[in-house]
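Trainee: generate a structure from the sequence data that follows.
(one chain, ligands or ions: 2)
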Amino acid sequence: MRTFFNVEDIGDLNKALSEAKEVKANRFGFQGLGKNKTLLMIFFNNSLRTRLSTQKAAMNLGMNVIVLDVNAGAWKLETERGVIMDGDKSEHLLEAIPVMGCYCDVIGVRSFAGLSDREYDYAETIVNQFVKYSGRPVFAMETATVHPLQAFADLITIEEHKKNSRPKVVLTWAPHCRALPQAVPNSFAQWMNAADVDFVITQPHGYELDPKFVGSARVEYDQKKALEGADFVYAKNWSCPGVENASDYGKILSKDMSWTIDAEHMSWTNDGYFMHCLPVRRGLIVTDDVIESDHSLVIPEAANREISAEVVIKRILESL
Ligand SMILES: CCC[C@H](NC(C)=O)C(=O)O
Ligand SMILES: NC(=O)OP(=O)(O)O
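Mentor: Ligands and ions are numbered 1, 2, ... in the order given. Coordinates of the predicted model:
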């Protein structure tokens with residue numbers, strides 16, 4: 001596996017889930033794979049879970065790990081071609097990337113959407129330069145439009161907790177005070193569409209995700225109707241994807257607090273579980289009682305980030 005961005009990159013999902021179960025039970029059993037191999041983790045944005053779980057996964061596999069926070073210590077990077085670099089950026093990405101590739105065997109990249117230029121973001125302009133110029137396998141640690149390590153961990157968590165063979169999984173928008181990327185809901189939708197679940201997306205008008213991620217999902221604008229009978233409620237905020245109106249891309253169209261997940265919302269479900277990728281803003285996305293309840297899976301979900309990362313990095317090491 002040379003790149004990990006989309007669900008198809010992991011191949012057969014049932015095999016991937018079986019491998020996740022094997023790795024979870026024996027996470028130190030593959031250390032020979034990573035001996036004398038180096039993972040370089042590059043962050044253009046903040047992180048807690050991705051930073052810690054991916055490093056842990058690499059160490060489980062016997063790897064050396066280097067973490068670079070591009071905007072804290074490295075030279076400020078110019079990403080545009082054809083510019084005269086007389087401003088505050090000392091180095092161009094097109095030199096920095098092959099240099100980084102010299103010091104590692106595998107690269108993970110976090111580079112969030114800028115949320116101002118839809119075409120630039122949805123072309124995955126930044127991370128695709130790492131794929132093109134680093135000479136190394138590259139995996140996404142949340143890029144402009146995808147967060148596959150999160151979605152894989154989410155699916156592992158659903159598999160571990162489902163009470164019937166084809167659970168109803170609902171992705172629901174919730175209000176937020178800042179404009180957030182669409183990467184998490186995009187990947188969650190992509191992976192749920194590929195999994196054997198009854199998948200529904202519910203959001204206000206104007207927040208429709210890009211059709212390539214919505215796929216075969218049912219879209220329901222009535223949140224109550226969507227949540228009825230749900231086995232898993234996956235709450236997340238996202239800014240306008242600009243599908244209906246490109247000029248609204250990256251904007252906040254609604255802060256309607258009736259979409260906040262509280263005990264009443266959960267009462268509409270089939271004794272459902274609550275999920276969120278974290279970090280979460282309590283009081284906006286979800287109430288304290290729901291996220292603290294025994295039906296909240298946010299901590300096991302975060303713990304499974306170590307497992308999803310270890311399966312992915314293991315697959316990459318096996319293909320070197
Ligand atoms: C894992 C989530 C990362 C990011 N969250 C924030 C707060 O920027 C997002 O919503 O995509
Ligand atoms: N869920 C997730 O990726 O968390 P971080 O942004 O803290 O890495």
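
Trainee: just the helices in the stretch 201-320 of the chain please.
Mentor: 211-214, 223-227, 263-267, 288-291, 298-319 (DSSP state H, counting those that start in this stretch).

Trainee: residues in contact with the one helix or strand in the chain whose mean pLDDT sits lowest?
Mentor: Using mean pLDDT, DSSP states H and E, the weakest-scoring helix or strand in the chain turns out to be strand 77-78, at a mean of 90. For strand 77-78, contacts defined as C-beta atoms under 8 Å, 6 or more residues apart in numbering pick out 70, 85, 89, 91-93, 96. C-beta: built from backbone N, CA, C; applies to glycine.

Trainee: against ligand 2, how distant is Pro204?
Mentor: Look at Pro204 and ligand 2: by C-beta to the nearest ligand atom, to the nearest Å, they are 23 Å apart.

Trainee: can you pull the contacts of that residue?
Mentor: Applying C-beta under 8 Å, 6+ apart, we find Pro204 in contact with 173, 221, 253-254, 256, 259.

Trainee: so who does the residue in the stretch 201-320 of the chain that ligand 1 sits nearest to touch?
Mentor: Closest approach between the stretch 201-320 of the chain and ligand 1, counting by C-beta to the nearest ligand atom: Cys277, at 4.7 Å. By C-beta under 8 Å, 6+ apart, Cys277 lies in contact with 49, 147, 150, 154, 184, 236, 301.

Trainee: hmm, back to that, other SSEs contacting the very next helix or strand once past the least confident helix or strand of the chain?
Mentor: Using DSSP states H and E, the helix or strand that follows strand 77-78 in sequence is strand 91-92. Contact here means 3 or more C-beta pairs under 8 Å, 6 or more residues apart in numbering; DSSP states H and E; on that basis strand 91-92 packs against strand 77-78.

Trainee: name every strand pairing with the strand it packs on and say which way it goes.
Mentor: Counting by DSSP bridges, the strands paired with strand 77-78 are strand 91-92 (parallel).

Trainee: average pLDDT for the partner strand?
Mentor: Computed over strand 91-92, the mean pLDDT rounds to 94.

Trainee: what sits up against that strand?
Mentor: Residues contacting strand 91-92 (C-beta under 8 Å, 6+ apart): 74-79, 85.

Trainee: just the contacts of strand 77-78 now: which is nearest ligand 2?
Mentor: Val70 (15.4 Å).

Trainee: now the stretch 201-320 of the chain against ligand 2: closest residue?
Mentor: Closest point on the stretch 201-320 of the chain to ligand 2, by C-beta to the nearest ligand atom, is Cys277, at 3.9 Å.

Trainee: can you check the stretch 51-200 of the chain too?
Mentor: For the stretch 51-200 of the chain, C-beta to the nearest ligand atom, closest residue to ligand 2: Gln150, 5.2 Å.

Trainee: Ala194: how many residues sit nearby?
Mentor: By other C-beta atoms under 10 Å, the residues close to Ala194 number 18.

Trainee: isn't it right next to Val7, touching?
Mentor: Yes - with contact defined as C-beta atoms under 8 Å, Ala194 counts as touching Val7 (4.6 Å).

Trainee: find residues that contact each of the two.
Mentor: Shared contacts of Ala194 and Val7, defined by C-beta under 8 Å, 6+ apart, are found at Leu13.

Trainee: check contacts around the residue lying farthest from the centre of the chain.
Mentor: Relative to the centre of the chain, and counting by C-alpha atoms, centre = their mean, the farthest-placed residue is Asp86 at 35.2 Å. By C-beta under 8 Å, 6+ apart, Asp86 lies in contact with nothing.
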